[in-house]
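Asker: mind folding the following:
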Amino acid sequence: MMKRTLLLTLCAMLLAACAGQGAAPPASDFKPAASVQITLNVLTPQGSPSGEPVQLHIVDTVTGISFNSEVINMRASGAGSFAATVSVPPGTLLTYRYTRLSVSGSIDEVNANGQPVLYRSFLVTGAGHVTHDLIAGWADLPSELATGQVAGQVTAAASGEPLAGIMLRASGMQAITDAEGNFFFDGLTQGLHNIVVTDPRGRYQSFQQGALVAGNSQTPASIQLQAAELARVTFIVIPQDSNPSGVPVYLLGNLGAMAGQPVLSAHEGGYTLTLELPTGTDLRYKYTLGDGLWNAEHYANGGFVLRQLIIPAGTTELTVRDNLQEWSAGGGSGPIWFDLTAPDDGPVYLQFKLLDWATALPMWNLGGGHYAYVLYSPTNFAEPLEYRYCKDAACNQPEAFTTTRTVTGNQPNTQQVQDSVTEWQAAP
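Answerer: As a prediction, this is how the structure comes out:
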């Protein structure tokens, strides 16, 4: 009887989530500071084909840099140079990269070592900033520029203590400080580079400074970081009427306190969560039933919701009220309901393969070895989607003795997939 009740509840949740909606309320009541304009200038490498436009991609590191870029067509500003102007709130950590449009398609930029540039960073501290970037090479046009190195140490300004685990980015290259706070960049092109320094755990304020690099030489850099002030932030999340109740809603973001996907608690018909977060830091986050891509929040037009919070300096307490938008990405592609029976000895995870194996998603335990998971988005994949079940979040124990499982997307109605697992692979 209990299993039947749980199944009926899950079915009702699914029907409610697919029901028609009116206009969604605004995503949040938090009002950021007025945006400021900055200009990004970029010089393309010698030999770049003339007449081929350059695009600026502002990337989303929470959803995934391959999935939710804002693309801006840049304007020619001189021989081999291009420019674009963007408006963002002060305190924004802009993450971006460049591509070139050729007759054969979009060509990505690469660094001087020939590696793809995942993204560059720039810390916007006020109006009127102008960046001067240099593209070392394109994927079809490797760099021939002279290169040098930058080496240094990151310490705490107050104590002089070396800081481990600090992230630095320079012209699309990344370095992480070691136990002694040391970092090293190799292969930076000759010229001026902007080094952006961030603490993934939010203990220290973000910082940036320039470093002049000469060919075949090493530039020293000593960086001191100021400790971040923390504020107690309470998120109150208000769902739409169609939101499925009884399933966990996670908060996922770009900072350590958010990266672990803390679960929101039930609160007066909605959800709530309180975190200690740094002031002045560009916090990007979203709500999800899965991860940054799978079952993440969408606007009514199908676009991903990515929220931004920059807590004003001096704040000690803050309440942010967010309105959940939609779990479905729209487009006429229905949900997929995965119904699984498996050995009843703990949690079970569902893992999809898109480009590569993605984050394993915890299934909803209905009891008695019965598990379920409803995928609302994305379900509009053009090719069959490969998936598997796992005993652990790292998928070190996937299901044993099974062929490849696939599911087809782009179906107008809800699909129900019934699977069973009889045995897990032995723990490594």
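
Asker: just the pLDDT for C11.
Answerer: Per-residue pLDDT puts C11 at 46.

Asker: what of the one 3 residues further on?
Answerer: pLDDT for L14: 47.

Asker: check which helix or strand covers T219.
Answerer: Per DSSP states H and E: T219 is located in strand 218-225.

Asker: skip ahead from that strand and say which helix or strand is next.
Answerer: strand 230-238.

Asker: would you put the C-alpha positions of the strand holding T219 in CSV?
Answerer: Provided in CSV are the C-alpha atoms of strand 218-225 (Å, rounded to 0.1, in the frame of the first residue of the first chain):
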residue,chain,number,x,y,z
GLN,A,218,60.3,35.1,-15.9
THR,A,219,58.3,37.9,-14.2
PRO,A,220,58.0,37.8,-10.4
ALA,A,221,54.6,38.5,-8.8
SER,A,222,53.8,38.9,-5.1
ILE,A,223,50.1,39.1,-4.3
GLN,A,224,48.5,39.8,-0.9
LEU,A,225,44.8,39.1,-0.4
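
Asker: in its sheet, what does that strand sit against?
Answerer: strand 147-156 (parallel) (DSSP bridges).

Asker: before we move on, back to that, contacts for the strand holding T219?
Answerer: With contacts defined as CB atoms under 8 Å, 6 or more residues apart in numbering, strand 218-225 is touched by 148-157, 163, 166, 195, 197, 199, 204-205, 207, 209, 211-213. (C-beta placed from N, C-alpha, C; glycine too.)

Asker: quick one: the helices in the stretch 251-400 of the chain?
Answerer: 256-259 (DSSP state H, counting those that start in this stretch).

Asker: quick one, strands of it?
Answerer: Taking DSSP state E, counting those that start in this stretch as the criterion, the stretch 251-400 of the chain contains strands spanning 265-267, 270-278, 283-288, 307-309, 317-323, 336-341, 349-354, 356-357, 361-362, 364-367, 370-375, 385-390.

Asker: just the buried residues of the fifth one, please?
Answerer: Meaning strand 317-323. L318, V320, D322, N323 (16 or more other CB atoms under 10 Å).

Asker: and the nearest residue to A214 once chain neighbours are set aside, how far from M74?
Answerer: Spatial nearest neighbour of A214, excluding adjacent residues (CB to CB, 6 or more residues apart in numbering): G148 at 5.3 Å. Relative to M74, G148 is positioned 27 Å away (CB to CB, to the nearest Å).

Asker: look at these two and report which has more neighbours.
Answerer: Neighbours were counted for G148 and for M74 using other CB atoms under 10 Å; G148 has more, 22 against 18.

Asker: how about the more buried one, what does it touch?
Answerer: Residues in contact with G148 (CB under 8 Å, 6+ apart) are L188, Q190, V213, A214, G215, N216, S217, Q218, T219.

Asker: JSON lines for those, including neighbour count and pLDDT?
Answerer: Formatted as JSON lines, those follow (neighbours: other CB atoms under 10 Å; pLDDT from 0 to 100):
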{"residue": "L188", "neighbour count": "26", "pLDDT": "96"}
{"residue": "Q190", "neighbour count": "17", "pLDDT": "94"}
{"residue": "V213", "neighbour count": "23", "pLDDT": "96"}
{"residue": "A214", "neighbour count": "13", "pLDDT": "95"}
{"residue": "G215", "neighbour count": "12", "pLDDT": "93"}
{"residue": "N216", "neighbour count": "9", "pLDDT": "94"}
{"residue": "S217", "neighbour count": "11", "pLDDT": "96"}
{"residue": "Q218", "neighbour count": "15", "pLDDT": "97"}
{"residue": "T219", "neighbour count": "16", "pLDDT": "97"}
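
Asker: follow-up on the earlier one: make a markdown table out of the strands of the stretch 251-400 of the chain and add distance to N41 and mean pLDDT.
Answerer: Listed next are these as a markdown table, based on distance: least, CB to CB, whole Å; pLDDT from 0 to 100:
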| stretch | distance to N41 | mean pLDDT |
| --- | --- | --- |
| strand 265-267 | 47 | 90 |
| strand 270-278 | 30 | 95 |
| strand 283-288 | 25 | 96 |
| strand 307-309 | 24 | 96 |
| strand 317-323 | 35 | 96 |
| strand 336-341 | 45 | 97 |
| strand 349-354 | 35 | 95 |
| strand 356-357 | 34 | 92 |
| strand 361-362 | 42 | 96 |
| strand 364-367 | 50 | 93 |
| strand 370-375 | 43 | 96 |
| strand 385-390 | 41 | 96 |
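
Asker: as JSON lines, those strands with distance to G105 would be great.
Answerer: JSON lines is the format used below for these (distance: least, CB to CB, whole Å):
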{"stretch": "strand 265-267", "distance to G105": "47"}
{"stretch": "strand 270-278", "distance to G105": "41"}
{"stretch": "strand 283-288", "distance to G105": "29"}
{"stretch": "strand 307-309", "distance to G105": "31"}
{"stretch": "strand 317-323", "distance to G105": "38"}
{"stretch": "strand 336-341", "distance to G105": "31"}
{"stretch": "strand 349-354", "distance to G105": "20"}
{"stretch": "strand 356-357", "distance to G105": "22"}
{"stretch": "strand 361-362", "distance to G105": "32"}
{"stretch": "strand 364-367", "distance to G105": "41"}
{"stretch": "strand 370-375", "distance to G105": "30"}
{"stretch": "strand 385-390", "distance to G105": "24"}
